[in-house]
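S.K.: I would like the atomic coordinates for the input below:
(3 chains)
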Amino acid sequence: MDSRSEEFLTYVQGGGQVEAGDWLPDEYRQKLIKFVEMHGNSELMGVLPEREWILKAPTLQRKLALTAKVQDEVGHSQLIYRVVEDLGKPREQCLADLVSGKSKFHNVFHYPTKTWGDVGVIAWLVDAAAIISQKALLKCSYAPYARIMKKICWEESFHILHGRDVVLAMMTGTDAQRELVQEALVRWWPPLMQFHGNPIPRDEDPMYVWRIKSQGNEEARQQFLEGYVPQILELGLEIPDPKLRRRDDGVWEYSEPDWEELRSVVTGHGPRSQDRLEFRRRFLEQEKWVRDAVLAA
Amino acid sequence: MIYEVFRQERKGQAFAHAGSIVAPDAAFADAWAREQYGRRGESAALWLVPRAAIHEVSEWADEFDLKYRRVDGYSIKARLKEARERAGSATA
Amino acid sequence: MNERAARLLELADDELVVGWRDSEWTGVAPTLEEDVAFSSIAQNEIGHARALYEVAAVELGSDADALAFDRSPDEYRCAPLVELHLLDWAHTIARRYLYEEADGVRIEALKSSDDAELAGLAAKIDREEVYHRLHAELWAARLREEPRFRAAVEELWPHALGVVEPALRPELARRVGLAEVAAEERGAHRPELAELWEEMTEVRRSVPGAQW
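M.R.: As a prediction, this is how the structure comes out:
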């Protein structure tokens, strides 16, 4: 590494932050763009499994809450793509790379949603897993990204509460409703365990080395288990992992997640990857004329 | 066009930079920024400024001692002690 | 059903269905900024529907959710304009524009109603609708020269007229700047409404009477 990059590395590892106009090492800039772009992609793709349930929401209150939650996700993608654009990659390019399969989005958004049980489990537990990752970005060495994370984390906290409320309404409802939640949890547990990524030691994780994020993958997963397993079990729900247990030293043990599945899904081979990308592609193409008409100053 | 958004959380507080939106003109910027930064009633007011109108200042000459312009340029402890002793008002 | 309840349901059903239709665009609007703004409008419409259902619920001894979800499709009183399933932006924004103008005309009339409760609610709704109209007129002005938009407005115009009662149609025509034509009247429902209803009530019907 050249000496200017060395200085930069020392600076960010000491807690220093940089702005959009500052000099950035090429490796830092490239890795940052890829990381942030994947986040933006994920917020945008995350909308798709949830928006069909807006239409099926069983009460006016739930319809409003779910629409607001999905609206937030779109809003987050707007904030995030603006950061990427100011780093040098235009939004149109990000969207084109997303729908062509060139860039990635997080595993959980490649899976189908089957019932209202999924709506509760996703809003509660998937958003909980996401907020843990997002909190680890609040001190990102790249300040523009750190700043938008503040708004994002603040808005995500309502999502988790909404999700938990949806789950609680069903868990205190009929047997059929309780079964919806349990069944959804069984399906979502494996992707949730894969969500934070494989347990690469943080000093080997470029995202941590450059202080883009402030915690390693395993740390995030442990935080998720510590916070949410008790909340899940106290409702009488069963988690589909016989090996899951908390050791005396506070570390959670669990069955090894299927890292092959994660790799396969994230490279576009998930059950709904292709048709969701196709859905996005169709609307992007169909509405290009609108952007041409309305964005020209 | 990029519009920078400055947000005032409550009346009386300073406007702080909150983000940016892409819009063709001020009217669209208004329609879009008010939702992105105010749909929860979380902002008392917004300022929308085309990015091109913002002029950044971020470098100063720092050659000579400017401490005389700041509080940390003054250490009055020793002199205050002496003055109090002279006036007989020093505490035991 | 008394006249007042029928009137309230007409308004509420229009707002519910147009809000439902507009919420279909959450996530796929032409730009991210517009997506966020459009979604707020959809939520506002559903919020208006809820407020109207709550007043009607008192008349009918029911509750807002039951009125919104538990009637059969032919019991709804919405206008054909809101029932149309519009899959492209030109039609969607044309409907948004025409609906806001029509709604604006009828809300204006309601604000001076002898019915104090209804007049008050109309005023409250209108204070939010101001922003809907600004948004719709912004788009209409921007797309004025766009053939797709103009064609969509002409196509939907008879439906827009059907949203308001005949006495208010001249005013609507004046605001939109189009000549009054034969309206697509309220009354007969389009087949799209039954499809919408199926999807809208699917979860609710799966466990009847449950809390959600």
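S.K.: distance of the residue lying closest to A:G40 once chain neighbours are set aside from C:P191?
M.R.: Closest residue to A:G40 apart from its sequence neighbours, by CB to CB, 6 or more residues apart in numbering or on different chains: A:I80 at 3.7 Å. (C-beta placed from N, C-alpha, C; glycine too.) According to CB to CB, to the nearest Å, A:I80 and C:P191 sit 41 Å apart.
S.K.: could you do C:V153 as well?
M.R.: 23 Å.
S.K.: those two: which is more packed in?
M.R.: Taking neighbours as other CB atoms under 10 Å in any protein chain shown, C:V153 and C:P191 compare with C:V153 leading, 23 against 10.
S.K.: contacts only, for that one.
M.R.: Contacts for C:V153 (CB atoms under 8 Å, 6 or more residues apart in numbering or on different chains) come out as C:94, C:97-98, C:140, C:176, C:178.
S.K.: which of the residues you listed fall in helices?
M.R.: Using DSSP state H, the subset of the contacts of C:V153 located in helices is C:94, C:97-98, C:140, C:176.
S.K.: residue numbers of chain A in contact with chain B?
M.R.: Contact residues, chain A versus chain B (CB under 8 Å from any CB of the partner chain): A:21, A:71, A:75, A:78-79, A:82, A:86, A:91, A:147-148, A:151, A:294-297.
S.K.: recalculate using a threshold of 7 Å.
M.R.: Residues of chain A lying near chain B by CB under 7 Å from any CB of the partner chain: A:75, A:78-79, A:82, A:148, A:294-297.
S.K.: which members of those are classed as buried?
M.R.: With burial judged by 16 or more other CB atoms under 10 Å in any protein chain shown, the buried subset of those is A:75, A:78-79, A:82, A:148, A:294-295.
S.K.: could you dump the residues you listed to JSON lines with secondary structure and pLDDT?
M.R.: Shown next, in JSON lines, are these (DSSP: H, G, I helix; E, B strand; the rest coil; pLDDT from 0 to 100):
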{"residue": "A:G75", "secondary structure": "helix", "pLDDT": "98"}
{"residue": "A:Q78", "secondary structure": "helix", "pLDDT": "98"}
{"residue": "A:L79", "secondary structure": "helix", "pLDDT": "98"}
{"residue": "A:R82", "secondary structure": "helix", "pLDDT": "98"}
{"residue": "A:I148", "secondary structure": "helix", "pLDDT": "97"}
{"residue": "A:V294", "secondary structure": "helix", "pLDDT": "86"}
{"residue": "A:L295", "secondary structure": "helix", "pLDDT": "83"}
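S.K.: can you put the residues you listed in TSV and add distance to C:W20?
M.R.: Shown next, in TSV, are those (distance: CB to CB, whole Å):
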residue	distance to C:W20
A:G75	21
A:Q78	24
A:L79	27
A:R82	30
A:I148	31
A:V294	25
A:L295	28
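S.K.: farthest-separated two in those residues?
M.R.: A:I148 and A:V294 (24.1 Å; CB to CB).
S.K.: low-confidence ranges, the chain, go.
M.R.: No chain in the question, so chain A it is. A:297 (pLDDT under 70).
S.K.: just want the most central residue of it.
M.R.: Nearest residue to the geometric centre of chain A (CA atoms, centre = their mean): A:A130, 4.7 Å.
S.K.: ok, the nearest residue to it once chain neighbours are set aside - contacts?
M.R.: Closest residue to A:A130 apart from its sequence neighbours, by CB to CB, 6+ apart: A:E156 at 6.6 Å. A:E156 makes contact with A:127, A:130-131, A:134 under the criterion CB atoms under 7 Å, 6 or more residues apart in numbering or on different chains.
S.K.: need the residues you listed in JSON lines with secondary structure, can you?
M.R.: Putting the contacts of A:E156 into JSON lines (DSSP: H, G, I helix; E, B strand; the rest coil) gives the following:
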{"residue": "A:D127", "secondary structure": "helix"}
{"residue": "A:A130", "secondary structure": "helix"}
{"residue": "A:I131", "secondary structure": "helix"}
{"residue": "A:Q134", "secondary structure": "helix"}
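S.K.: between these, which is closest to A:P49?
M.R.: For the contacts of A:E156, the residue nearest A:P49 by CB to CB is A:D127; the value is 12.4 Å.
S.K.: residues in contact with the closest residue to that closest one other than its chain neighbours?
M.R.: Nearest residue to A:D127, sequence neighbours excluded (CB to CB, 6+ apart): A:H159, at 4.4 Å. Counting by CB under 7 Å, 6+ apart, A:H159 makes contact with A:69, A:72, A:123, A:127.
S.K.: need those residues in CSV (columns: neighbour count and secondary structure).
M.R.: Formatted as CSV, the contacts of A:H159 follow (neighbours: other CB atoms under 10 Å in any protein chain shown; DSSP: H, G, I helix; E, B strand; the rest coil):
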residue, neighbour count, secondary structure
A:K69, 23, helix
A:D72, 24, helix
A:A123, 26, helix
A:D127, 25, helix
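S.K.: show me which pair in these is furthest apart.
M.R.: Most distant of those, by CB to CB, are A:D72 and A:A123, 11.0 Å apart.
S.K.: what's the local residue count around C:A66?
M.R.: 14.
S.K.: any idea how far it is from chain B?
M.R.: According to CB to the nearest CB, to the nearest Å, C:A66 and chain B sit 29 Å apart.
S.K.: and if you look at C:S40?
M.R.: Applying CB to the nearest CB to C:S40 and chain B gives a distance of 5 Å.
S.K.: same question for A:P230.
M.R.: Applying CB to the nearest CB to A:P230 and chain B gives a distance of 30 Å.
S.K.: mind checking the SS state of that residue?
M.R.: helix.
S.K.: can you report how many residues neighbour it?
M.R.: 10.
S.K.: check the one 4 residues further on too.
M.R.: Applying other CB under 10 Å, we find 8 other residues in the vicinity of A:E234.
S.K.: then C:E192?
M.R.: 16.
S.K.: now do the contacts for it.
M.R.: C:83-85.
S.K.: buried ones in stretch A:54-71, by neighbour count?
M.R.: Here stretch A:54-71 shows A:54-60, A:62-71 as buried, counting by 16+ other CB under 10 Å.
S.K.: filter the residues you listed by proximity to chain C?
M.R.: Answer for these near chain C (CB under 7 Å from any CB): A:54-56, A:58-60, A:62-64, A:67-68, A:70-71.
S.K.: what's the closest non-adjacent residue to the closest residue to chain C within chain B?
M.R.: Proximity of chain B to chain C (CB to the nearest CB) peaks at B:W32, 4.0 Å away. In space, and not counting its chain neighbours, B:W32 is closest to C:E33: 4.0 Å by CB to CB, 6+ apart.
S.K.: kindly report the same for A:T172.
M.R.: Using CB to CB, 6+ apart, the closest residue to A:T172 is C:Q211 (7.5 Å).
S.K.: can you check A:R91 too?
M.R.: A:Y81 (4.7 Å).
S.K.: now the residue nearest to A:D127: how far from chain C?
M.R.: Following CB to the nearest CB, the distance that separates A:H159 from chain C is 15 Å.
S.K.: run through the residues that contact C:L9.
M.R.: By CB under 7 Å, 6+ apart, the neighbours of C:L9 are C:56, C:77.
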